[in-house]
Every structure is written in structure tokens, then in C-alpha cells.
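J.: what follows is a predicted structure for the sequence shown.
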Amino acid sequence: MARQILIWSIVIVCVIIVIWLLSKTELVSLIKPKSKSTSFNFSDLIEDLDTINFDVKIAEAFKSSDFRTAIRWHYLKTLFLLDKKQLITFAPFKTNIDYGHELKGKDLYQAFIKLSRIYEYVWYGQFILNGSTYQNNAAKFNAVEKQINV
């Protein structure tokens, strides 16, 4: 009985060591993909939002085919415009859900929820964008921008 416990303990320890060693190699990328790198400079958000030219940022990201970053700029522009229209109060610590709660019961609520979903899929998810899917999503952001009408 003691011999069986010793053998099983050794087997379990060996399996744990093998798993740990494999997690340190490139084989783990087969199971868990590497996070996408991005050219988005988060220090831009420390600036006063009034000083950011969102259209230029969007155009630069689009020109370099960085569609993820372009969608992020679209979303930040939407937040900025909603703040200017006093429909939300922008704050760096707030979440998309917080902004949604502020818009609850207002005309733009459903549109904002859809834009938030697009942004979250593109920025945080593994959703791949190409030129045509970017254009389709950018059109949705532009339509909401016209609705806000600042």
C-alpha cells in the first residue's frame, strides 16, 4: 500500500513538472494564442480629450491598416461626443457598462450598446478585421455620431 502511494505521488509530480515545462515553451501557443500587438498609445488618453483630433487618429490608423486601433478611436470619439452632449460623464475609470447605464432610457441607448459590442469584440476579442468589415463598422459609428449631432 505504501509503495502504491509512493509510485502515484511520483507520477503526479512528474506530470506536474512536464506540464510546467511545456507551458514555458512555444507549444503553449497552440492552445492559447498570443495577444495581438497594437500601435495604440495609451498615454494619448491622459491628455485632455478636447485636444485630441479623433478624425486624424482614425485616418492614421486606417492608413496603416490598423483597423483595431481605428475602431478604438471611433469608440473614444463616440464617448467624447456623448460627454460633450452631456448624455454621459466621461471618466477614465468608468466601464462601457457604466456608460450604458447613464444612457439607459435615452434614444441612443440601443445604438451605444451595439457600438460597445463591436468595440469589445474588436479590441478585447479575437475578432479579425479586414478593410470591408472595418468600413461596415465605421459606418455604424458614423451614423451614431450624426445622431448625437454635437
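T.: Right, received. Where do you want to start? Numbering: from 1, shown residues only.
J.: CA atoms only for the helix ranked longest in the chain, dumped as PDB, please.
T.: Counting by DSSP state H, the longest helix found in the chain is helix 2-23. Below are the C-alpha coordinates for helix 2-23, written out as PDB (Å, rounded to 0.1, in the frame of the first residue of the first chain):
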ATOM      1  CA  ALA A   2       2.800   2.500   0.900                       C
ATOM      2  CA  ARG A   3       4.600   1.500  -2.300                       C
ATOM      3  CA  GLN A   4       1.500   2.300  -4.400                       C
ATOM      4  CA  ILE A   5       1.100   5.700  -2.700                       C
ATOM      5  CA  LEU A   6       4.800   6.500  -3.400                       C
ATOM      6  CA  ILE A   7       4.500   5.400  -7.100                       C
ATOM      7  CA  TRP A   8       1.400   7.600  -7.600                       C
ATOM      8  CA  SER A   9       3.000  10.500  -5.900                       C
ATOM      9  CA  ILE A  10       6.000  10.300  -8.100                       C
ATOM     10  CA  VAL A  11       3.800  10.000 -11.200                       C
ATOM     11  CA  ILE A  12       1.700  13.100 -10.200                       C
ATOM     12  CA  VAL A  13       4.800  15.100  -9.500                       C
ATOM     13  CA  CYS A  14       6.300  14.100 -12.900                       C
ATOM     14  CA  VAL A  15       3.100  15.100 -14.700                       C
ATOM     15  CA  ILE A  16       3.100  18.500 -13.000                       C
ATOM     16  CA  ILE A  17       6.700  19.100 -13.900                       C
ATOM     17  CA  VAL A  18       6.100  18.100 -17.600                       C
ATOM     18  CA  ILE A  19       3.000  20.400 -17.800                       C
ATOM     19  CA  TRP A  20       5.000  23.300 -16.200                       C
ATOM     20  CA  LEU A  21       7.900  22.700 -18.600                       C
ATOM     21  CA  LEU A  22       5.600  22.600 -21.600                       C
ATOM     22  CA  SER A  23       3.900  25.900 -20.500                       C
END
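J.: now the residue positioned nearest the centre of the chain: closest residue in space that isn't a chain neighbour?
T.: Nearest to the mean C-alpha position of the chain, by C-alpha atoms, centre = their mean, lies Trp123 at 2.5 Å. Distance criterion C-beta to C-beta, 6 or more residues apart in numbering; nearest residue to Trp123, sequence neighbours excluded, is Arg72 at 5.5 Å. In this view, the C-beta of every residue, glycine as well, is placed from N, C-alpha and C.
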